[in-house]
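[1] What follows is a predicted protein model with its sequence.
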Amino acid sequence: MPNVGNLQNLKQLSITNCAIKKVNLTEEVLPNLESLDLRQNQITTLWGLHSLIKLQTLSLSHNQVGKSMTICQKDTVMPKLLFPNLITLFLDHNDIRSLAGFNFENMPMLKYLFLQHNELQDINGVQSCVGLETLVVDHNKIQVITEEDFHSDNNIRSFFSEYNKIKFLNFVRRLTKIEKLFVSNNKVSDKDQIKNLGTLKRLKEITILGNPLCKRTNHYKLALQALVTLRRIDGHSVIPKDYLDD
């Protein structure tokens, strides 16, 4: 039996590039663990990790989590709170096609969620994350995002959804606290979609370049007409009077 006494005070642990398929790390072994890096393995199940009650950061980038994140073993009752103190979760590069079954509603402290480079067609499943501040879904296959995909009292400050297939931006009206919005390289062709920015009084930065509408109109001017408080567009600082003055 290995001596685990030296692990009692461990706060950070990194086990990467080890071809790990299953993980069973419990609070009894790592009671004070706050950050766990399991990048670039072959993990499909997370049984045991949910008991790490002090865990704040979990990186599962480049694994095989797939369609749903398995927490409990068969015939085991799902705990009310899966990761009670988890703040940051990396699930990018996992071939995830759906968020159903991830039980984000049981992660009450989650603020930063990274889901880029997956196979998502929608983001249904994150609306229960009331405290979420940063959501990253770049490089997926998302075609439609609706207002209902976000909690009515959401705290989203930054939303990254570049390189998808999104045509409509009406969903942004639900993001009343957003400061940064990245929607470049999608399928937005109707210039009237930019008018949805008008309700986002805190928005300071946006990316639009790479959408069809950019080929036919001055999207800088459209964006500033919708929201004159914008300060960065497509990575460039802008002065409203330079675009709005005749």
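    Yep, that arrived. Residues are numbered from 1 along each chain as shown.
[2] what's next to stretch 162-174, contact-wise?
    Here stretch 162-174 makes contact (C-beta atoms under 8 Å, 6 or more residues apart in numbering) with 137-147, 149-150, 152, 154, 178, 181-190, 193-194, 196-197, 199-200, 207, 210. C-beta coordinates here come from the backbone N, C-alpha and C atoms, glycine included.
[3] list the buried ones in it?
    The neighbour-count check on stretch 162-174 (16 or more other C-beta atoms under 10 Å) flags Glu162, Tyr163, Asn164, Ile166, Lys167, Phe168, Leu169, Phe171, Val172, Arg174 as buried.
[4] now those in CSV, with pLDDT?
    Output for these, formatted as CSV (pLDDT from 0 to 100):
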residue, pLDDT
Glu162, 98
Tyr163, 98
Asn164, 98
Ile166, 98
Lys167, 98
Phe168, 98
Leu169, 98
Phe171, 97
Val172, 97
Arg174, 97
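[5] what's the farthest-apart pair in those?
    Farthest pair in the buried residues of stretch 162-174 (C-beta to C-beta) is Tyr163 and Arg174. Separation: 22.0 Å.
[6] Tell me who's in contact with Lys111.
    Ile87, Thr88, Gly131, Leu132, Glu133, Thr134.
[7] Skip the chain neighbours and tell me the closest residue to it.
    Take Lys111 and drop its neighbours on the chain: the residue closest to it by C-beta to C-beta, 6 or more residues apart in numbering is Glu133, 4.6 Å away.
[8] What is the burial count for the one you found?
    Neighbour count for Glu133, taken as other C-beta atoms under 10 Å: 19.
[9] top helix in the chain by residue count?
    Looking across the chain with DSSP state H, the single longest helix is helix 219-226.
[10] May I have that helix as PDB, with CA atoms only?
    What follows is helix 219-226, C-alpha atoms only, in PDB (Å, rounded to 0.1, in the frame of the first residue of the first chain):
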ATOM      1  CA  HIS A 219     -19.300  46.700 -40.200                       C
ATOM      2  CA  TYR A 220     -17.300  49.000 -38.100                       C
ATOM      3  CA  LYS A 221     -19.800  51.800 -38.800                       C
ATOM      4  CA  LEU A 222     -22.700  49.500 -38.300                       C
ATOM      5  CA  ALA A 223     -21.400  48.300 -34.900                       C
ATOM      6  CA  LEU A 224     -20.800  51.900 -33.700                       C
ATOM      7  CA  GLN A 225     -24.100  53.100 -34.800                       C
ATOM      8  CA  ALA A 226     -25.700  50.300 -32.700                       C
END
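[11] which helices and strands does it pack with?
    On a contact count with 3 or more C-beta pairs under 8 Å, 6 or more residues apart in numbering; DSSP states H and E, helix 219-226 meets strand 232-233, helix 240-244.
[12] next SSE after the first one?
    Same thing as strand 232-233. strand 236-237 (DSSP states H and E).
[13] any idea of the mean pLDDT in that next one?
    Computed over strand 236-237, the mean pLDDT rounds to 93.
[14] Can you name the residues in contact with that strand?
    Contact with strand 236-237 is made by Arg231, as judged by C-beta under 8 Å, 6+ apart.
[15] Tell me the strands beside that strand, with direction?
    In the sheet, strand 236-237 lines up against strand 232-233 (antiparallel) (DSSP bridges).
[16] quick one: low-confidence ranges for the chain?
    For the chain, the stretches flagged by pLDDT under 70 are 1-5, 47-48, 67-80, 243-246.
[17] Find the centremost residue of it, please.
    Leu135 (2.8 Å; C-alpha atoms, centre = their mean).
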